[in-house]
Structure formats: structure tokens, C-alpha cells
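Participant: predicted model and sequence follow; I will ask about them next.
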Amino acid sequence: MSTLPRTGPGTKLCAVLCYAIALAGAGAFAALVLLLGLDLWPFWVRLPEPWLVNLGWLLLFGLQHSGMARANFKNSWTRIIPTHLERSVYAATSGLLLLVMVFSWQPLPGVPFWRGPLVLTAVPLLAGLGLAFVNGQFDHAGLVGLRQAWEGGRDPTPERLLVVGPYRYLRHPLMACLLVLLWVQPVMTPTLALLSGGLTLYVLIGLWFEERDLLRRFGAAYAAYRERVPALVPWRPPVPPATYPAVQS
């Protein structure tokens, strides 16, 4: 078990460093997608078997991102690190993996599937802003572990299902923005198509697991919410704002 103080400067510094790594990874990934969409990305490292290299990175990212988020892994992991740093370490690991993946992503042969007008770049840029907006509005500090590090040993805030803002229209607005960022690009090369397709598969599988967890945590309230609100495409009228507590275990 770590000897870091529960709410001391060492713990907070660790959380801030983890946050910086997570931000760097997210920023590098966004730059990769946007520049690949313009067919401009400079490939820093050339490796043999580029298809296998890229598929390996996608598999590793999916295993890390989903595996570390599962309750069984968290229960084991928090025997090694303090509970209030678990989310920070998860965010930093994801960011570090993204950084390495971005700078070793390999170019693939083949002609683009489509070439559209450059003005189309405005759509993924807006999707990126949407990602930042939703992240910033809904417990961003908790998502990246800062709140947990500052709270230390205090009792966590009771978990709630917030049906507000974009969540009145979509159950997963973050993932909807990510999919737009991945696919609505002026140029779709095989290199970008593999990245977008692999991450789309990960998103769909990850949402299946997340929905299962949300049903367990919020019970009938989430089941009713799922029936009334679409997952990724806003084709229904928005539901009224609401807040639901977690089911007592």
C-alpha cells in the first residue's frame, strides 16, 4: 500500500501530474484524427507490418480502457494504490497509452475512400468542442481523479443519475461526439478508417458493458430512461430534467 498521505501535497501533486498526462494523450489523439482527416499527419516512426502494429494498439487500448474500469480490477488494484488515486492512475495510463499509440501509428497503403471539401473539417472540430463541453459540465474533476484526490478519505458524494443538458437527448453524448469526430472527415484514408473503425467497435462494446453497469447501479430508473432516450442519435424529443439516486445495495 502506498505511503502517500491521504490528502497531503504528495497525493495532490500525483493527481495533477496524472491529469496532465491524460490531457496530453487526449490532445495528441485529437490532433492525430484531425490531421489524418486532412491527410497531413507526419508519421514519426516506421515499423514493419503496419496493419499488425495498428491492430495491436487498438487491442491494447481496448483492453486497458475497459479492463481497468471494471469493478473486479478496481478491487484488486486498490490493494496496491490508494483508493482516492485509482481514477487518476487510470486517466494517466490511458493518456500515456494514447501518446505512444499516436506517435507510432503506422501509415497503411491504399487510396482514400472519399475526399470531400475542406470546409467539412468544421464538423469534427465542433464535435471536439462538444466533447470538451460535456466533459467540463459534468464532473470533469471526478472523471480524471482530481476530486477524489482532494477529498482524500472523506465519504464520497452519493452517486446520482443526472438527466440534464445533452443527457435529455442522448444517453451517451460523449460517445456520439467521438463518433462524429472519427467519421465526419474531409479525407478518409485506410489509415484513418482502421483507427475509426477499431475505436467504433470499442465504443459499441464498451457501451454494452456500461449500460449493464448503469442498470445495476440505478435499477428501474435507468431502465425507464433507456426506453425514452436514444443512445447515440437524437431522434426523439428531449425528456424533462431529472435526478435519480443510485440503488441502495
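Facilitator: Sure, I can see it.
Participant: for the helix or strand bottoming out on mean pLDDT in the chain, the distance to its chain's centre please.
Facilitator: Counting by mean pLDDT, DSSP states H and E, the weakest-scoring helix or strand in the chain turns out to be helix 140-143, with a mean of 72. The chain centroid and the centroid of helix 140-143 are separated by 12 Å under CA atoms, centre = their mean, to the nearest Å.
Participant: list the helices and strands it packs on?
Facilitator: With contacts taken as 3 or more CB pairs under 8 Å, 6 or more residues apart in numbering; DSSP states H and E, helix 140-143 sits against helix 86-104, helix 146-151. Bear in mind the C-beta positions are built from the backbone N, C-alpha and C, glycine included.
Participant: which of the residues in the longest one are buried?
Facilitator: In terms of neighbour count (16 or more other CB atoms under 10 Å), helix 86-104 has its buried residues at 86-99, 101-102, 104.
Participant: Three-state assignment for Leu207, please.
Facilitator: The three-state assignment at Leu207 reads helix, by DSSP: H, G, I helix; E, B strand; the rest coil.
Participant: correct me if wrong: it contacts Leu214.
Facilitator: No - applying CB atoms under 8 Å as the test, Leu207 and Leu214 come out as separate, 10.0 Å apart.
Participant: so these two - more neighbours on which side?
Facilitator: Leu214 (19 against 16; other CB atoms under 10 Å).
Participant: look up phi and psi at the closest residue to the more buried one other than its chain neighbours.
Facilitator: Taking CB to CB, 6 or more residues apart in numbering, and ignoring the residues beside it in sequence, Leu214 has Tyr222 as its nearest neighbour in space, at 4.9 Å. As for Tyr222, its main-chain torsions (degrees, to the nearest 10) stand at phi -70, psi -30.
Participant: ok, then the element right after the helix or strand hosting Ala26?
Facilitator: Secondary structure from DSSP states H and E places Ala26 in helix 9-36. Elements were assigned by DSSP H and E; along the chain past helix 9-36, the next helix or strand is helix 50-67.
Participant: show me what contacts the closest residue to Leu60 other than its chain neighbours?
Facilitator: In space, not counting the residues next to it along the chain, Leu60 is nearest to Leu97; the distance is 6.8 Å by CB to CB, 6+ apart. With contact taken as CB atoms under 8 Å, 6 or more residues apart in numbering, Leu97 is in contact with 25, 60-61, 64.
Participant: tell me who's in contact with the closest residue to Ala15 other than its chain neighbours.
Facilitator: Sequence neighbours aside, Ala149 is the residue nearest to Ala15 in space, at 3.5 Å (criterion: CB to CB, 6+ apart). Taking CB under 8 Å, 6+ apart, we find Ala149 in contact with 7, 11-12, 14-15, 84-85, 88.
Participant: can you pull the pLDDT of Ala149?
Facilitator: Reading off the per-residue confidence, Ala149 sits at a pLDDT of 75.
Participant: possible to save the helices and strands packed on helix 140-143 as TSV with distance to Leu38?
Facilitator: Converted to TSV, these look like this (distance: least, CB to CB, whole Å):
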stretch	distance to Leu38
helix 86-104	16
helix 146-151	33
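Participant: worst average pLDDT in those?
Facilitator: helix 146-151 (a mean of 75).
Participant: buried residues in that helix?
Facilitator: Per 16+ other CB under 10 Å, helix 146-151 contains these buried residues: 146-149, 151.
Participant: got CSV for those, with distance to Tyr244 too?
Facilitator: Listed next are those as CSV, based on distance: CB to CB, whole Å:
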residue, distance to Tyr244
Leu146, 25
Arg147, 21
Gln148, 22
Ala149, 27
Glu151, 23
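Participant: for the chain, give me the ranges with low pLDDT.
Facilitator: Screening the chain residue by residue with the criterion pLDDT under 70, one finds the ranges 1-8, 152-157, 248-249.
Participant: cutoff 50 now
Facilitator: Scanning the chain for pLDDT under 50 picks out 1-5.
Participant: having no further points to raise, I will conclude here.
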